[in-house]
Each structure stands twice: as structure tokens, then as C-alpha cells.
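> got a sequence here, can you build the structure:
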Amino acid sequence: MAKILVVEDDIGLADSVRDRLLLENHTVEHIADGEAAFARVRSAPYDLIILDWGLPHMSGIEILRRFRSLGGTTPVLLLTGLDTVDDKAQGLDSGADDYLAKPFHMRELSARVRALLRRPPLASQGNVFTAGAIAVDSVRHTVSVGGEAVSLLPKEFQLLEFFIRHPNQLFSAEALLKAVWPTDTDATLEALRTALKRMRKKVDPNGELLRTIHGVGYILEADTER
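Got it, this is the predicted structure:
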């Protein structure tokens, strides 16, 4: 059983989603307004958020971007009537874990919910976030791998911290540039590739966690059971 927040302004659809999830023994809350939903996700913990793209007062994409920028790691399933490749890329780049285009069958929704809930959670203790053998202290700005301290340059640390706060999420190079180089004059794809290469060599030389999906982007696969 999981605690799930459904953010959807189509009341009929929201009722159908809620009823399906209740049948599967989940605890379900529903909010129809974007601003109210953002306030809720900042203050209450959930195991999963089902988030509509088009909402009154604040869009689902804006909620998602702000939530991720604050370090929110709850899995998010994005619902939308938009179904182009660019739309999907924008949703995933904003921090969605999965994407479901309307109209959809409730069996498919259930399958995607089960898949997201099976993902291993990001382990954290206070300010320390871990994935596999990697541990990042976001306050002290320290990194260790297998208990051994590792020295990272500032951009390398920011990249690793961003990945480890958003495990199992695929990010394009452009999304990483916006997240880590928001105002820097050296925000180039080459600068990103260089920082990624150096950081990976230091913390994940065997490529067990940090993966490149060629032509798409980068992902930290935080599977603690591997």
C-alpha cells in the first residue's frame, strides 16, 4: 500500500484514477489546483505523485520543476494530452519519472504505478545522500566512495549532487546545463561533457551507476540491490 497524491483538474478522470488506486489498497489524496498542489508536495510526504500537465494557477511542469529544484525525490507520473516526442522530452527533462498520454486505460496506469513504486528509494540520512557506494554530504560538500574520501571540483560536485537527488531520472544535456550552469558564461555542451567525464572517473569508473543513453541523455541508476 502506498500514499499517492493525484493532481488532476478533470474531476471525472480524477475520480476514476482514485477509484482504481483505492481498489489496489493505496491511500489516495486528490487536488485539482496547481498552487495548492505545490504547497502540499512541499509539506507532506508521498510515495508517488500522479501529476496532470495542464492545471489552473500553476502548470504541472512548473510544479515539477520547482519540486525537483527544492530536492524533492518522490516519483512523479506525468499525465497529459500532449503526445509528441518534444512534449515527452520536456516532461522528462523537467523531472518526471514516467509519462502517460491521455486517453489511457486504467490497467496501463496501474502497471506504471506498480513499476514506479518498485523503484528503490534514494537513501538519505540528514544531509547525506547515497547511491550504491557513493555518499554525498550536501552541507559539507564532501563525497566518499566506499568510505574513501573523493575530491571533486565545484561543477563536478554540483552534477553529482543533482544526479543523486534525482535518481532513476533521465536528463538531457540541455537540462543538466540549465540545472548546474544556470547563469555561467561557460555553459557549453563541451564543459558539461568534460565535467561529467572527470566526475565519473572519480566516483563511478566502472559505469555501474552513472549511465549515458546515447542520443537521449544521462541517468543515475540508484539500484541498491545490484
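> hey, which helix or strand in the protein has the poorest pLDDT?
strand 123-125 (a mean of 50; mean pLDDT, DSSP states H and E).
> just the buried residues of the helix or strand containing E190, please?
Using DSSP states H and E, E190 sits in helix 189-203. Within helix 189-203, the residues that count as buried by 16 or more other CB atoms under 10 Å are L192, A195, L196, M199, R200, K202, V203. Yep, even glycine has a C-beta here, placed from its N, CA and C like the rest.
> mind listing the helices for this protein?
When assigned using DSSP state H, the helices of the chain occupy the ranges 11-23, 34-43, 60-69, 85-93, 106-118, 154-165, 173-180, 189-203.
> dump the last one to PDB, keeping only the CA atoms.
What follows is helix 189-203, C-alpha atoms only, in PDB (Å, rounded to 0.1, in the frame of the first residue of the first chain):
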ATOM      1  CA  LEU A 189      28.000  21.100 -24.000                       C
ATOM      2  CA  GLU A 190      31.700  20.600 -24.100                       C
ATOM      3  CA  ALA A 191      32.000  22.000 -20.500                       C
ATOM      4  CA  LEU A 192      29.300  19.600 -19.400                       C
ATOM      5  CA  ARG A 193      30.900  16.600 -21.100                       C
ATOM      6  CA  THR A 194      34.300  17.400 -19.600                       C
ATOM      7  CA  ALA A 195      32.900  17.800 -16.100                       C
ATOM      8  CA  LEU A 196      30.900  14.500 -16.400                       C
ATOM      9  CA  LYS A 197      33.900  12.600 -17.600                       C
ATOM     10  CA  ARG A 198      36.000  13.800 -14.800                       C
ATOM     11  CA  MET A 199      33.300  13.200 -12.200                       C
ATOM     12  CA  ARG A 200      32.600   9.700 -13.400                       C
ATOM     13  CA  LYS A 201      36.200   8.700 -13.400                       C
ATOM     14  CA  LYS A 202      36.400   9.700  -9.700                       C
ATOM     15  CA  VAL A 203      33.200   8.200  -8.400                       C
END
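> quick one: list the elements packing against that helix.
Counting contacts by 3 or more CB pairs under 8 Å, 6 or more residues apart in numbering; DSSP states H and E, helix 189-203 is packed against strand 142-145, helix 154-165, helix 173-180, strand 210-213.
> off-centre distance for the second one?
Right, helix 154-165. 14 Å (CA atoms, centre = their mean, to the nearest Å).
> model confidence over it, on average?
The average pLDDT within helix 154-165 is 89.
> so what's L55 up against?
For L55, the contact set (CB atoms under 8 Å, 6 or more residues apart in numbering) comprises V7, E8, D9, A32, D33, G34, A37, I63.
> could you redo the last one with a cut-off of 10 Å?
7-9, 31-38, 61-63 (CB atoms under 10 Å, 6 or more residues apart in numbering).
> please apply the same query to D15.
So D15 contacts V6, E8, H30 (CB under 10 Å, 6+ apart).
> in TSV: the residues you listed, plus pLDDT, neighbour count and distance to L51.
Below are the contacts of D15 laid out as TSV (pLDDT from 0 to 100; neighbours: other CB atoms under 10 Å; distance: CB to CB, whole Å):
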residue	pLDDT	neighbour count	distance to L51
V6	96	23	8
E8	94	23	8
H30	95	16	12
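> between those residues, which is nearest R165?
V6 (24.1 Å; CB to CB).
> contacting residues around the closest one?
So V6 contacts 13-15, 17-18, 21, 28-32, 37, 48-52, 77, 79 (CB under 10 Å, 6+ apart).
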